[in-house]
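**Q** Sequence and predicted structure are below.
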Amino acid sequence: MVCINMTEVKSIEQEFFDFIKEASFPCVGAKSALAQRAIKTLEMSEFSDTSEDLALYLALINFGESLDLDSPIIQSFAAIFSETNTGDEVEFEKMLWARLRALHRIDTFMGVEWSEDAEPDPHSPKFSMSIGKTSFFIIGLHPNASRPARRFKYPTFIFNSTAQFEKLRQDGRFAKMQEIIRIRDKALAGDLNPMLNDFGEKSEARQYSGRKVPENWEAPFKPKEPVNVPLPYKT
């Protein structure tokens, strides 16, 4: 008979939080957000299962409406998928963009316009993904990522507010945080992440999956116009 100590069985959310708490994890913004309990999570099932897209969409709507842009604390939302079989980096990238296209289709069906904080053209240096009229910078994590900082047991999408980053950039905190993250990431991986570019130089879409993409890479995404009457959203 095998006895299992249930206190040792961690939830997927706790595993994610422990991943961020690791001393070598480079993102000090995420560490600060976790310490301030400013990371919201949603556990989902299979990475390729589209039946939960609406649940993810609604959770992101609620997160966007709850953002406090005057707060000095980074606020993040993480969608964590319990399935760990994601394939290689190319396959993960395909699935990430498939889910983003699905979320965008809900936006267009609901008549939601693109966020005013970003441009919808994925080739533009000012592009950010818009969901529910909130623009997001997205960080993909998965078990087969080449960069250690992106290598988490479960495939995960982390959504950070573009407007929040812009506010941090304006008061000088973003540049300081970015410099610390890059130093720590180099210490962890042995070299600087070649995909890290400042906002305004190249499209941030190139960074979402974490894969080193070639110069001629194009995001598999085409924004569509809303097809319904826009719904009222909080500002």
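**A** Perfect, thanks for sending it.

**Q** those helices in the chain, which residues are they?
**A** With DSSP state H as the criterion, the chain has helices at 12-21, 28-35, 53-66, 89-110, 162-170, 173-189.

**Q** average pLDDT for the first one?
**A** Across helix 12-21, pLDDT averages out at 96.

**Q** and that helix with helix 28-35, angle?
**A** Orientation note: helix 12-21 sits at an angle of 130 degrees relative to helix 28-35 (axes from the mean of the first three to the mean of the last three CA atoms, to 10 degrees).

**Q** Give me the helices and strands touching helix 12-21, please.
**A** helix 28-35, strand 39-44, strand 76-81 (3 or more CB pairs under 8 Å, 6 or more residues apart in numbering; DSSP states H and E). Placement of C-beta: from N, CA and C, glycine included.

**Q** Would you tell me which of the helices of the chain gets closest to R206?
**A** Ranking the helices of the chain by distance to R206, with CB to CB as the measure, places helix 89-110 first at 10.5 Å.

**Q** Which residues belonging to that closest one are considered buried?
**A** Using 16 or more other CB atoms under 10 Å as the test for burial, helix 89-110 gives 89, 92-93, 95-97, 99-100, 103-104, 106-108, 110.

**Q** and what of stretch 50-63?
**A** E52, D53, L56, Y57, A59, L60, I61, F63.

**Q** Off-centre distance for it?
**A** Computed by CA atoms, centre = their mean, to the nearest Å, the separation of stretch 50-63 from the middle of its chain amounts to 14 Å.

**Q** circling back: tell me the one among the buried residues of helix 89-110 nearest to P220.
**A** Closest to P220, out of all of the buried residues of helix 89-110 and judged by CB to CB, is W97, at 4.7 Å.

**Q** State the distance from the closest residue to that closest one other than its chain neighbours to R99.
**A** Using CB to CB, 6 or more residues apart in numbering and skipping residues adjacent in sequence, the residue nearest W97 is P220, 4.7 Å away. Noted for P220: a distance of 12 Å to R99, by CB to CB, to the nearest Å.

**Q** Same list (the helices of the chain) but as CSV, adding distance to P72.
**A** Below are the helices of the chain laid out as CSV (distance: least, CB to CB, whole Å):
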stretch, distance to P72
helix 12-21, 19
helix 28-35, 9
helix 53-66, 16
helix 89-110, 28
helix 162-170, 8
helix 173-189, 7
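
**Q** Where does the prediction get shaky in this structure?
**A** The chain contains residues with pLDDT under 70 at 1-9, 197-200, 228-235.

**Q** Enumerate every residue touching the nearest residue to D117 once chain neighbours are set aside.
**A** Leaving out its chain neighbours, the residue that sits closest to D117 by CB to CB, 6+ apart is S135, at 4.4 Å. Counting by CB atoms under 8 Å, 6 or more residues apart in numbering, S135 makes contact with S115, D117, A118, S128, M129, S161, T162, A163.

**Q** what sits opposite S135 in the beta ladder?
**A** S130 (DSSP bridges).

**Q** distance of it from P214?
**A** 26 Å.

**Q** So what's the residue count around the residue lying closest to L60 once chain neighbours are set aside?
**A** Leaving out its chain neighbours, the residue that sits closest to L60 by CB to CB, 6+ apart is I131, at 5.0 Å. Neighbourhood size, I131 [other CB atoms under 10 Å]: 23.

**Q** Return the distance of I106 relative to V112.
**A** 8 Å.

**Q** Just say which of the helices and strands packed on helix 12-21 is most tucked in.
**A** Of these, the one with the most neighbours on average (mean count of other CB atoms under 10 Å) is strand 76-81, at a mean of 23.
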